[in-house]
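A.B. asks: Starting from these lines, generate the structure:
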Amino acid sequence: MNQEMNTPLEDDLRDEYDETLLKNGVRGKYVQRLAAGSNIVRLAPDVAAAFPNEEAVNEALRLLLHVAKITVRQAS
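C.D. replies: Next up is the predicted model:
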């Protein structure tokens, strides 16, 4: 049973904040901008299970880059 509560607000909002700017916010307003400027990737669960932490993933990728560079040099 939903009932609207008619109690006075006891908020601690400072006087310098304009509460009209805080109302009617838009959820996810900047999500596209964040995604465009982010380099975060999600690993598939089976791949993530192979690494104990973030540093292990970075180390494996650095090793892969190193091997790829050596392979390209030898093929040339």
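A.B. asks: Report how many residues lie close to Ala60.
C.D. replies: Residues within reach of Ala60, counting by other C-beta atoms under 10 Å, total 13. Every C-beta, even on glycine, is put in place using the N, C-alpha and C of the backbone.
A.B. asks: how close does the closest residue to it other than its chain neighbours sit to Ala44?
C.D. replies: Computed as C-beta to C-beta, 6 or more residues apart in numbering, the closest residue to Ala60 that is not its neighbour in sequence is Phe51, at 6.9 Å. Counting by C-beta to C-beta, to the nearest Å, the gap from Phe51 to Ala44 is 12 Å.
A.B. asks: Those two: which has the busier surroundings?
C.D. replies: Legend: neighbour count by other C-beta under 10 Å for Phe51 and Ala44, higher for Phe51 (14 against 7).
A.B. asks: any idea which helix or strand carries the more buried one?
C.D. replies: Per DSSP states H and E: Phe51 is located in neither a helix nor a strand.
A.B. asks: surely it meets Leu61?
C.D. replies: No: assessed by C-beta atoms under 8 Å, Phe51 is found out of contact with Leu61, at 10.1 Å.
A.B. asks: can you pull out the helices in this protein?
C.D. replies: For the chain, the helices defined by DSSP state H cover 19-22, 31-36, 45-48, 54-75.
A.B. asks: I'd like the average pLDDT over the last one.
C.D. replies: Confidence for helix 54-75, expressed as mean pLDDT, is 93.
A.B. asks: quick revisit: indicate which one of the helices of the chain is closest to Leu13.
C.D. replies: Taking C-beta to C-beta, helix 19-22 is the member of the helices of the chain nearest to Leu13, at 6.0 Å.
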